[in-house]
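A.B. asks: Okay, structure incoming, though there's no sequence with it:
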């Protein structure tokens, strides 16, 4: 029973993320969502209190996943470049496995209400600050090329946006092919020439 | 007189591109545009016939600039990697110099009417096809690493989106710093390890 409840909620969150992506958060109503998951509006409210609740769960839930990956990466007993590789691989994998949630996370977080908006931005800044620190450490140890770390950070994150925005793995391009090529391009890009 | 006319038109195109970016193409009216450039609506029509006209000039004009850069690159008497570098540098420079037009080009082209929509998509496909060919040539000559060329193409183009979407050169990050770092990351990324 608890398991069913959890699955139902997961289904609602995923459908909502898809609606937010296709129609935008502002234009999506609880009625649209009820229709999408084949529930009466009154039953939908047994699972979730409001549209704001859903957005909060998606955005804060995704932010938490990124921060957990950061905790994990920081603890790895390897040099900074390996930690960065671990994180970039996480970005690619989450884009290939759960693109709709991460699209809401990327595009719709502006609609969060306070204090959640502030909480979300703090989590995001924390993630970026720690990622930046890993980049700087990798440059300081001589492992990575000395390039402006913020430009590196923004370029790396931006480079993966097409995976969230429109790419879906298929026959023509498999998830493995994409992961291999993106990881080569980005990691190699960070290294020094000839290293 | 002709010079003034040209400047006025350029100003109108730039203001329109900014409005399209901030409000979206659909929500921007000729009245909004007249207000933005301090003209009466009736005078605005002396310079430009419609909102569709403006979008067409921005999108096809920008597509033409990219294709001219491609013609130029292909003619350079250097190996494929150098041609790719020439093109990526063009992407970065146009983003830093004319971000608003290129944002319309990236985001609002879907609103073009036929036959311009089709013409635009053909130009874009032509550009991507020729870029892909340069990547394949660079891989065939052994200059570049063998990674899936389409993934490389999408990742390279995506990597520069932040320059169009929100970055503006300033005291904290100059255009030169950004160009140097982005070019290192992307070009080095394409090379083989240890090359």
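C.D. replies: In hand now; what should we look at? Quick caveat, the model's predicted, so the values are computed rather than measured.
A.B. asks: Show me the shaky parts of chain A.
C.D. replies: For chain A, the stretches flagged by pLDDT under 70 are A:1-3, A:5-6, A:193-195.
A.B. asks: Identify the residue of it closest to chain B, quick one.
C.D. replies: residue A:189 (3.1 Å; Cβ to the nearest Cβ). Yep, even glycine has a C-beta here, placed from its N, CA and C like the rest.
A.B. asks: which element is the closest residue to that residue other than its chain neighbours on?
C.D. replies: Among residues not flanking residue A:189 along the chain, residue B:189 sits closest, at 3.1 Å (Cβ to Cβ, 6 or more residues apart in numbering or on different chains). Using DSSP states H and E, the element containing residue B:189 is helix B:175-190.
A.B. asks: tell me the angle of that helix relative to helix A:175-190?
C.D. replies: Calculated by axes from the mean of the first three to the mean of the last three Cα atoms, to 10 degrees, helix B:175-190 forms an angle of 130 degrees with helix A:175-190.
A.B. asks: what's helix B:175-190 in contact with?
C.D. replies: Contacting residues not belonging to helix B:175-190 are listed as A:145, A:147-148, A:151-152, A:155-156, A:184-191, A:193, B:81, B:84-85, B:88-89, B:92-93, B:96, B:135, B:138, B:144-145, B:147, B:152, B:156, B:159-160, B:163, B:167, B:169 [Cβ atoms under 8 Å, 6 or more residues apart in numbering or on different chains].
A.B. asks: Validate this expectation: residue A:173 resides in a helix.
C.D. replies: No: according to DSSP: H, G, I helix; E, B strand; the rest coil, residue A:173 belongs to no helix; its state is coil.
A.B. asks: How about the residues of chain A by chain B?
C.D. replies: A:145, A:147-148, A:150-152, A:154-162, A:167, A:173, A:177-178, A:180-182, A:184-191, A:193-195 (Cβ under 8 Å from any Cβ of the partner chain).
A.B. asks: Buried ones among those?
C.D. replies: A:145, A:147-148, A:150-152, A:154-162, A:167, A:173, A:178, A:181-182, A:184-191 (16 or more other Cβ atoms under 10 Å in any protein chain shown).
A.B. asks: What angle do helix A:175-190 and the helix or strand hosting residue A:120 make with each other?
C.D. replies: Assigned by DSSP H and E, residue A:120 belongs to helix A:116-140. Relative orientation of helix A:116-140 versus helix A:175-190 (the same axes, to 10 degrees): 60 degrees.
A.B. asks: Who are the packing partners of helix A:116-140?
C.D. replies: If contacts are counted by 3 or more Cβ pairs under 8 Å, 6 or more residues apart in numbering or on different chains; DSSP states H and E, helix A:116-140 sits against helix A:51-75, helix A:80-97, helix A:149-159.
A.B. asks: Turn the ones you listed into CSV, columns for distance to residue B:106.
C.D. replies: Output for the helices and strands packed on helix A:116-140, formatted as CSV (distance: least, Cβ to Cβ, whole Å):
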stretch, distance to residue B:106
helix A:51-75, 25
helix A:80-97, 20
helix A:149-159, 13
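A.B. asks: Would you tell me which one of the ones you listed is buried the most?
C.D. replies: Ranked by mean neighbour count under mean count of other Cβ atoms under 10 Å in any protein chain shown, those are led by helix A:149-159, which reaches a mean of 22.
A.B. asks: From the opening residue of stretch A:92-109 to its closing one, how far?
C.D. replies: Its start and end residues considered, stretch A:92-109 measures 20 Å (Cα to Cα, to the nearest Å).
A.B. asks: And that stretch, how far out from the chain middle?
C.D. replies: Averaged C-alpha coordinates place stretch A:92-109 at 5 Å from its chain's average position (Cα atoms, centre = their mean, to the nearest Å).
A.B. asks: Likewise for stretch A:169-179?
C.D. replies: The chain centroid and the centroid of stretch A:169-179 are separated by 19 Å under Cα atoms, centre = their mean.
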